[in-house]
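S.K.: Prediction below, plus the sequence it came from.
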Number of protein chains: 2
Amino acid sequence: MAGKKQFDMDAALDAAMTQFWREGYADTSLDDLSRATGLNRSSIYSSLGGKDTLFLRCLERYAARYGEKYDAALACAAAEPVAALRAFFDVTLERIADPEVPDGCLIAQSAMAIPVLSPGVAEHTRKALGLQRQRLRTALKAGGRLTDQHAEAFAEHTVAVNQSLAVMSRAGASPAQLRTIVGVTVDALSQALRP
Amino acid sequence: MAGKKQFDMDAALDAAMTQFWREGYADTSLDDLSRATGLNRSSIYSSLGGKDTLFLRCLERYAARYGEKYDAALACAAAEPVAALRAFFDVTLERIADPEVPDGCLIAQSAMAIPVLSPGVAEHTRKALGLQRQRLRTALKAGGRLTDQHAEAFAEHTVAVNQSLAVMSRAGASPAQLRTIVGVTVDALSQALRP
DNA sequence: CACATCTTGAACCAATCAGTCCAAGATAGA
DNA sequence: TCTATCTTGGACTGATTGGTTCAAGATGTG
């Protein structure tokens, strides 16, 4: 089984990403990755890089895939800020509800592990959260119906609440409980937009 | 150096708790614990139990220590619900600001690791979050100024936001940013209490 | 058919993991 | 002072960690 590319790189990266996502960096061994991707240890090393490099790639993959969805959800923010915020949270809630994919969140998992992660991975994690904040900031300012200060505050708060869903889902919170959590934030924005 | 108790058990437990808190279960080795507590491996095993048992003890210690503070903060909830909620968050914010102690939160760290934790530890983590929820639920219902439904929702939301502070502090959020996050929640409660 | 190219599985490495054991030595009571 | 008791530190185990190397073999091209 050789001569040319033997495996589906995308599928392998997805499998590795899912493994890291479910068990975190520290609890994922090269054997786990080998089992998950179906690739040999040496194949992982030669075509995906070491554990650290592979993790970084998975982080990028994760941020790109869901970042796109978050952007799409916020597209209508200028016209319908409350609906946009709801859609934003729905991206996360649907991901958590998806049985094909672990609950929690790869970014949140990485953030919690920052003190023991390599500087490069730590920096990348911080940057991903910063991007999320920026996304929300520009979206909430777009309509011009919130003061800059309010928009900033809601952006900061929303990033945090979004991360909290990862923690709570890991602890077994039901979809209804998660919806309650974001509901308070959505209602608060709704209130803030009243004349 | 033997014959009777040779070391300060409380100090050792504190040191172990701090180590788990900073680096998590997976990234903490017995050598780390030995170094942190100043105790030998065999002493840890014989007087603190194995790694799993010790972690459980640290979890209980953590929950007890800060649970007390959360209770105290919520004591005035019936009379001053908004002040109580602010005080509740202040417990967490002060803990994070305390340089003597790691940022993040041992419960949040454990929750994120639930899929790879022993069933006993996982259950204990879930129970700790449930207790926190119960604390907030009864406190918010105490004044009778919120509907039961509102109180439940705010309790759920507050537990989550409180956990989010652990994630965000790990990612390098400033005290000001953390205060912004909880500010939105406090304001929302304030709004909900208006006639 | 034959060659060059690439992947693969397995073996190997030093380091580290959690856990166990025991002789050495310090203490307390007699 | 003598002895029973208990803690201690170090040595040790077998398993696993991330990382590396390499011969065997499958493939596409000539």
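M.R.: Good, I have the coordinates.
S.K.: what ranges do the strands span in chain A?
M.R.: Ranges of strands in chain A, per DSSP state E: none exist.
S.K.: any bit of the lowest-mean-pLDDT helix or strand in it sitting next to DNA strand D?
M.R.: Lowest by mean pLDDT, DSSP states H and E among the helices and strands of chain A is helix A:41-43, with a mean of 88. Yes. Helix A:41-43 reaches DNA strand D (C-beta under 7 Å from any atom of the strand) through A:41-42. The C-beta positions use only the backbone N, C-alpha and C, and glycine is treated the same way.
S.K.: Quick check: which helices or strands does that helix pack against?
M.R.: The elements that helix A:41-43 packs onto, with contact taken as 3 or more C-beta pairs under 8 Å, 6 or more residues apart in numbering or on different chains; DSSP states H and E, are helix A:30-37.
S.K.: In PDB, list the C-alpha atoms belonging to the helix it packs on.
M.R.: Taking C-alpha atoms only, helix A:30-37 is exported to PDB below (Å, rounded to 0.1, in the frame of the first residue of the first chain):
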ATOM      1  CA  LEU A  30       0.500   9.200  19.900                       C
ATOM      2  CA  ASP A  31      -1.000   5.800  20.200                       C
ATOM      3  CA  ASP A  32      -4.400   7.400  20.600                       C
ATOM      4  CA  LEU A  33      -3.800   9.500  17.500                       C
ATOM      5  CA  SER A  34      -2.600   6.500  15.600                       C
ATOM      6  CA  ARG A  35      -5.700   4.600  16.500                       C
ATOM      7  CA  ALA A  36      -8.000   7.500  15.800                       C
ATOM      8  CA  THR A  37      -6.600   8.400  12.400                       C
END
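S.K.: Counting by contacts, list what that helix packs against.
M.R.: helix A:9-23, helix A:41-43, helix A:51-73.
S.K.: Output the below-cut-off pLDDT ranges for chain A.
M.R.: For chain A, the stretches with pLDDT under 70 are A:1-7.
S.K.: Okay, the residue lying closest to A:N162 once chain neighbours are set aside and B:G24: tell me how far apart.
M.R.: Among residues not flanking A:N162 along the chain, A:T92 sits closest, at 5.6 Å (C-beta to C-beta, 6 or more residues apart in numbering or on different chains). To B:G24, A:T92 is 23 Å away according to C-beta to C-beta, to the nearest Å.
S.K.: quick revisit: will you turn the helices and strands packed on helix A:30-37 into JSON lines that also has distance to B:F20?
M.R.: Output for those, formatted as JSON lines (distance: least, C-beta to C-beta, whole Å):
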{"stretch": "helix A:9-23", "distance to B:F20": "18"}
{"stretch": "helix A:41-43", "distance to B:F20": "30"}
{"stretch": "helix A:51-73", "distance to B:F20": "22"}
